[in-house]
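Student: This is a predicted model, with the sequence first.
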Amino acid sequence: MNALLFAGQGAQNVGMGRDLAEAYPECKALYTKANEVLGYDLAKICWEGPESELVKSNHCQPAIFVTSAVCRLALRRERPNLAIQSTAGLSLGEWAALWMAEAVSFEDALRVLEARGRFMQAACEEHDGAMLSVIGLEASKLKAVAASAGVEVANYNSSEQTVLSGARAGIQTAEKLVKEAGAKRAIMLNVAGAYHSSLMASAAQRLEAFIRDVPMRPPCLPVISNVTGQPHGTPDAIRRQMVLQVTSPVQWVACVQTLRRQGVTRYIECGPGRVLSGLVKRIHPEAALNNVQDCPSLAKTIADIPAK
């Protein structure tokens, strides 16, 4: 069984999606449509940068979404009969998964992510927040450190890697405490603020109002929720979970464990980078892993997956 995965913020790179757009007319058309919906040249930012524009959340989130959708289209063009049983995405990637499962239209997902990026950037500017990736410290000890430092767990990425989020002063305290508690490594992340923490509350409130009238349909295949680690339910429940997602920890370990229980044996990451493939390898080590981010990775993926 196959699952598609979609990356989150931080996976972006200048030039992403360009060779697929040049190779496949329908992929180029998707960038053109995105430009029309947004009212600016998103394709140029994706392909030419500058990086200082691409990393802005209101550009970055729609840019990763569109590029992920382009990667999915290219894969479907080459393997139209490839059966996909489930899908999941990390943070903003969950919107790509919902689009892929036909729960939300391309245009609406794009508008949501542009707004979500703006709301999150504004929340970052309200608070001096930071995030810390911690490697090699068990969850019980990490939760105790987070409580002592006044910060929160933002991402359960794998059994070895967990991310903390909160006010910068608290994260700096946590950096010292996790090392004292025996962490192998602690890495300050290059992010604009404290994502997936209570410091994003204003962004969640604005997103809730924004998506209230966005049309949603029941997904045509299981989409695994970052908040619960379980498949999404009704359209109203999807709206609630996608608002909660902004301030809640990403339960990525639980997401992959659910996919594994469903019988997934191959994960195909669509979009820039291979971050999710690396995390899945730690959670579900015997699974087959592929990714589609450009023409060479697409060629390798279709070579690995026989045509039926």
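Tutor: Ah, there it is.

Student: Would you state the strands of the stretch 1-150 of the chain in chain order?
Tutor: 2-6, 86-89, 129-135 (DSSP state E, counting those that start in this stretch).

Student: Which residues belonging to the last one are considered buried?
Tutor: It stands for strand 129-135. 129-134 (16 or more other CB atoms under 10 Å). (C-beta placed from N, C-alpha, C; glycine too.)

Student: any idea which of these is the one closest to Leu189?
Tutor: Nearest to Leu189, judged by CB to CB, of the buried residues of strand 129-135 is Met131 at 4.3 Å.

Student: Any idea what that closest one is bridged to?
Tutor: Beta-bridge partners recorded for Met131 (DSSP bridges): Ser165.

Student: from memory it sits against Val191, does it?
Tutor: Yes - between Met131 and Val191 a contact is recorded at 5.2 Å, counting by CB atoms under 8 Å.

Student: Of the strands of the stretch 1-150 of the chain, which is nearest Glu78?
Tutor: Glu78 lies closest, by CB to CB, to one member of these: strand 2-6, at 14.0 Å.

Student: what's the closest one in contact with?
Tutor: Contacts with strand 2-6, where a contact means CB atoms under 8 Å, 6 or more residues apart in numbering, come from 68, 72, 82-90, 93-94, 96-97, 100, 259, 262, 264-271, 276-277, 280.

Student: Now that strand - C-alpha only, CSV.
Tutor: Output of strand 2-6 as CSV, limited to C-alpha atoms (Å, rounded to 0.1, in the frame of the first residue of the first chain):
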residue,chain,number,x,y,z
ASN,A,2,1.2,3.5,-0.9
ALA,A,3,0.8,6.8,1.0
LEU,A,4,1.7,10.3,-0.2
LEU,A,5,3.4,12.7,2.1
PHE,A,6,3.6,16.5,1.8
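
Student: Would you mark the buried spots in it?
Tutor: Buried residues in strand 2-6, counting neighbours by 16+ other CB under 10 Å, are found at 2-6.

Student: With pLDDT and distance to Gln293 added, can I get those in CSV?
Tutor: Below are those laid out as CSV (pLDDT from 0 to 100; distance: CB to CB, whole Å):
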residue, pLDDT, distance to Gln293
Asn2, 96, 17
Ala3, 98, 17
Leu4, 98, 13
Leu5, 98, 12
Phe6, 98, 11
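
Student: Now flag whichever of these is closest to Ala167.
Tutor: Closest to Ala167 out of these is Phe6 (29.6 Å), distances taken as CB to CB.

Student: what's across from the closest one in the sheet?
Tutor: Going by DSSP bridges, Phe6 is paired in beta bridges with Gly89, Cys270.

Student: I'd like the distance between it and Ala147.
Tutor: Per CB to CB, to the nearest Å, Phe6 is found 32 Å from Ala147.

Student: Also Ala154?
Tutor: Ala154 sits 14 Å away from Ala147, going by CB to CB.

Student: Arg111 too?
Tutor: Shown here: Arg111 relative to Ala147, a distance of 38 Å by CB to CB.

Student: For these two, indicate the residue with more neighbours.
Tutor: Arg111 (18 against 10; other CB atoms under 10 Å).

Student: Confirm for me that that one is in contact with Ala34.
Tutor: No - applying CB under 8 Å as the test, Arg111 and Ala34 come out as separate, 10.3 Å apart.

Student: tally of neighbours for the nearest residue to Arg111 once chain neighbours are set aside?
Tutor: Counting by CB to CB, 6 or more residues apart in numbering, Arg111 lies nearest to Val37, which is 6.6 Å off, once chain neighbours are set aside. Neighbourhood size, Val37 [other CB under 10 Å]: 18.
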